[in-house]
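Asks: Sequence and predicted structure are below.
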Amino acid sequence: MQRLICFLPYTPRADSASRGYEKWLQDVDNPFFNSRPAVAHYTNWRVAGGATEAFPYTHFDFLLIASGKTPEDVWTDGPLAEFAANWVKLWGVAPDGDPALNYQCSVAEYVSGEAGTFSPLVEVSMDLSSPGEQWRITQNVVGQAPAAGFTRRFVSGSGANRSTIVGELVAAPE
């Protein structure tokens, strides 16, 4: 069966940290997304280092689409669409503008490799030859994907190379 994931890089509004953004991710955003029928596993990450000059975002999320579900099952989920629109109003840098100014969203299909055991640090590379789980972008939903695909690998420490972004876990289901 095909494995699909949504990759959502973004940078919230400048005052988000002082307004409790990460606590909101933990208490509201993450539990909501993980409660939706088309979502198998949803996590929120803060960019903590690595090749940040090539990745102009401060945060990213991974939304693993549930087995037997499609990206359309995610997009046509009314409460989820309403929640996402409210996120833009609360946290987006351009709440009245083009959604792509607030976040990017791409669907990717699993190609090969292993990400390792889930941990609070993840390396993400836009270089598909990097070690880890390889994903190929199949659809740009909002904005344009930064590459044709990516790899992700859970790590125990930060040893990022020049082409890797290091993400630190902000919220995940328990």
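Replies: Sure thing, it's come through.
Asks: from the chain's centre, how far out does stretch 5-23 sit?
Replies: Its chain's C-alpha centre and that of stretch 5-23 lie 11 Å apart, by C-alpha atoms, centre = their mean, to the nearest Å.
Asks: Show me the shaky parts of the protein.
Replies: 1, 158-162 (pLDDT under 70).
Asks: Now do the strands in the protein.
Replies: With DSSP state E as the criterion, the chain has strands at 4-10, 39-50, 59-65, 105-112, 121-125, 133-142, 149-155, 164-171.
Asks: can you tell me which helix in this structure is longest?
Replies: Looking across the chain with DSSP state H, the single longest helix is helix 78-91.
Asks: what about the residue nearest the centre of the chain, distance to residue 96?
Replies: Nearest residue to the geometric centre of the chain (C-alpha atoms, centre = their mean): residue 61, 2.0 Å. In this view, residue 61 and residue 96 are 22 Å apart by C-beta to C-beta, to the nearest Å. Quick note: C-beta positions are derived from backbone N, CA and C, even for glycine.
Asks: As CSV, the strands of the chain with distance to residue 77 would be great.
Replies: Output for the strands of the chain, formatted as CSV (distance: least, C-beta to C-beta, whole Å):
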stretch, distance to residue 77
strand 4-10, 12
strand 39-50, 9
strand 59-65, 11
strand 105-112, 14
strand 121-125, 25
strand 133-142, 13
strand 149-155, 24
strand 164-171, 19
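Asks: right, and those - which one's nearest residue 30?
Replies: strand 164-171 (3.8 Å; C-beta to C-beta).
Asks: before we move on, back to that, so which of the strands of the chain is the most surrounded?
Replies: Greatest average neighbour count among those goes to strand 121-125 (a mean of 24), per mean count of other C-beta atoms under 10 Å.
Asks: what angle sits between that one and strand 133-142?
Replies: Calculated by axes from the mean of the first three to the mean of the last three C-alpha atoms, to 10 degrees, strand 121-125 forms an angle of 70 degrees with strand 133-142.
Asks: Report all helices and strands that strand 121-125 contacts.
Replies: strand 39-50, strand 149-155, strand 164-171 (3 or more C-beta pairs under 8 Å, 6 or more residues apart in numbering; DSSP states H and E).
Asks: The second one pairs with which strands, parallel or anti?
Replies: In other words, strand 149-155. strand 121-125 (antiparallel), strand 133-142 (antiparallel) (DSSP bridges).
Asks: Can you list the neighbours in contact with that strand?
Replies: Contacts with strand 149-155, where a contact means C-beta atoms under 8 Å, 6 or more residues apart in numbering, come from 7, 62, 108, 111, 113, 115-119, 121-128, 130-137, 166.
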